[in-house]
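Participant: Give me a 3D structure for the following:
(2 chains)
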Amino acid sequence: MATYRLKVNGQTHDIEALPDTPLLWVLRDNLHMTGTKFGCGVAQCGACTVYMDGSPLRACSMPVSGVENSEITTIEGLAGREAEAVQKAWVARDVPQCGYCQSGQIMSAIALLQANKNPTDQDIDLAMNGNICRCATYVRIRAAIHDAAQSLRG
Amino acid sequence: MRWSIAVVALVVAGVAAGAPLLLASRSVGKTLAVAQSGDLRAAESFNGIKNRRARSVALFEEAGKVIESPRCLNCHPAGDRPTQTDAMRPHIPWVVRGPDGFGAESGLRCATCHHSANFDPAGVPGNPEWHLAPAEMAWQGKTLGQICAQIKDPKRNGGKDMKALIDHMANDELVGWAWHPGGKRKPAPGTQKEFGGLIRAWAATGAYCPS
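Facilitator: As a prediction, this is how the structure comes out:
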């Protein structure tokens, strides 16, 4: 066991963990931030997507020993124009079905819109295809991203 | 919708049970080390080939065992999408090279999943420089002779002269990952030092290519 100092959603936490403990487990089990989901554990489904220093990251494939001195953002810490636009679009389109994958979907969607305010269908495919939805809500997700992008463009 | 709806393997296969190796007279570690090193012949072992051109070609053909291993070819794809595993199947999820080789500009970047080191608990390989080779350095689908000509061409090797090329093969950290791939991935044959020695000797003998 070792002690790691993590900055998550603007707050500093000291946690005890083995060096190869996935960040996802630390978020959920140590810090009780359960908005980030465990889906596959092998970086194949995107349910565990968080941001490290502003960029999307699969928290299941990152050891806690690799994130010290970085700023981690989870679904609980989202804020800003893009987050608000996505939230409104998600509600308006009633996007989720079972909802399990949605925190990862939303993290990826917001990251896309932060980088690209006018994404094409191809851009959306390239940003979102690593986020699997077993309810197949892909059509609504894509529509909601276009809606959010339009609202951001005014 | 064209999103890849891949069937996600929700359970990582456990370590395959293997029969214990019966090694009567040597330690396991020593035997395995010899076996791995023996996968690639040392440059000096080609000194018996007196014809300079033939020796040069033979050296490159030996180096080709590394160049054509999945550890190298997977990230030198013919298109924009890398392949993965020893079977060299298309990368799942769908990712592309992007303008800088590190993934789509506003989409899935390599670093979303691949971090600074191999992470075996998730089965994900990693390196600080994890990225795809540029399109002009595509190797998949080419003969070893075609790859050889490509490697020597500064227009298709990132502007490298022979000295820089040798340094890249012998010392580049991401190239070196091929011998330390983690998980159950089969390492490239031999060692990076032996591979660098073959490339150095190939260059010294005129850098001739297989036909």
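
Participant: and the residue in chain A positioned nearest to chain B, how many neighbours?
Facilitator: Chain B sits closest to A:L126 of chain A, with a gap of 3.2 Å, by C-beta to the nearest C-beta. C-beta here means a position set from N, CA and C on the backbone, and glycine is covered the same way. Counted by other C-beta atoms under 10 Å in any protein chain shown, the residues lying close to A:L126 total 23.

Participant: how about the strands in chain B?
Facilitator: B:83-84, B:89-90 (DSSP state E).

Participant: pLDDT on the last one, on average?
Facilitator: For strand B:89-90, the per-residue pLDDT values average out at 97.

Participant: The spatially most central residue of chain A is in what secondary structure piece?
Facilitator: In chain A, the C-alpha nearest the mean C-alpha coordinate belongs to A:M107, at 3.1 Å (C-alpha atoms, centre = their mean). Per DSSP states H and E: A:M107 is located in helix A:102-115.

Participant: Just the buried positions in that helix, please.
Facilitator: By 16 or more other C-beta atoms under 10 Å in any protein chain shown, the buried positions in helix A:102-115 come out as A:102-115.

Participant: which of those residues are close to chain B?
Facilitator: By C-beta under 8 Å from any C-beta of the partner chain, the members of the buried residues of helix A:102-115 lying near chain B are A:112, A:115.

Participant: Need the buried residues of helix A:102-115 in a markdown table (columns: distance to B:Y208 and pLDDT).
Facilitator: Below are those laid out as a markdown table (distance: C-beta to C-beta, whole Å; pLDDT from 0 to 100):
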| residue | distance to B:Y208 | pLDDT |
| --- | --- | --- |
| A:Q102 | 58 | 97 |
| A:S103 | 57 | 97 |
| A:G104 | 52 | 98 |
| A:Q105 | 54 | 98 |
| A:I106 | 57 | 98 |
| A:M107 | 53 | 98 |
| A:S108 | 49 | 98 |
| A:A109 | 53 | 98 |
| A:I110 | 54 | 98 |
| A:A111 | 49 | 98 |
| A:L112 | 49 | 98 |
| A:L113 | 53 | 98 |
| A:Q114 | 51 | 97 |
| A:A115 | 47 | 96 |
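
Participant: Give the helix, strand or coil label for the residue of chain A closest to chain B.
Facilitator: helix (DSSP: H, G, I helix; E, B strand; the rest coil).

Participant: Apart from its chain neighbours, what residue comes closest to it?
Facilitator: B:G107 (3.2 Å; C-beta to C-beta, 6 or more residues apart in numbering or on different chains).

Participant: dump the residue contacts of that neighbour.
Facilitator: Applying C-beta atoms under 8 Å, 6 or more residues apart in numbering or on different chains to B:G107 gives the contacts A:112, A:123, A:125-128, B:95-96, B:98.

Participant: Are any of those residues buried, and if so which?
Facilitator: Counted by 16+ other C-beta under 10 Å, the contacts of B:G107 give A:112, A:123, A:125-128, B:95-96, B:98 as buried.

Participant: Can you add distance to B:D161 and give these back as a markdown table?
Facilitator: Converted to a markdown table, the buried ones among the contacts of B:G107 look like this (distance: C-beta to C-beta, whole Å):
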| residue | distance to B:D161 |
| --- | --- |
| A:L112 | 41 |
| A:D123 | 38 |
| A:D125 | 40 |
| A:L126 | 36 |
| A:A127 | 39 |
| A:M128 | 42 |
| B:V95 | 32 |
| B:V96 | 30 |
| B:G98 | 27 |
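
Participant: Tell me how many other residues crowd A:R81.
Facilitator: 14.

Participant: any idea how far it lies from A:A149?
Facilitator: 11 Å (C-beta to C-beta, to the nearest Å).

Participant: pLDDT weak spots in chain B?
Facilitator: For chain B, the stretches with pLDDT under 70 are B:1-38.

Participant: Longest helix of it, counting residues only.
Facilitator: Criterion DSSP state H: the longest helix present in chain B is helix B:52-67.

Participant: what comes up buried for it?
Facilitator: B:55-67.

Participant: quick check, the longest helix along chain A touching chain B?
Facilitator: Of all segments of type helix in chain A, defined using DSSP H, the longest is helix A:138-153. Yes - between helix A:138-153 and chain B, judged by C-beta under 8 Å from any C-beta, the touching residues are A:138-139, A:142.

Participant: same for that helix, what does it pack against?
Facilitator: helix A:81-93, helix A:102-115, helix A:121-128 (3 or more C-beta pairs under 8 Å, 6 or more residues apart in numbering or on different chains; DSSP states H and E).

Participant: if you set the cut-off to 6 Å instead, what comes out?
Facilitator: helix A:81-93, helix A:102-115 (3 or more C-beta pairs under 6 Å, 6 or more residues apart in numbering or on different chains; DSSP states H and E).
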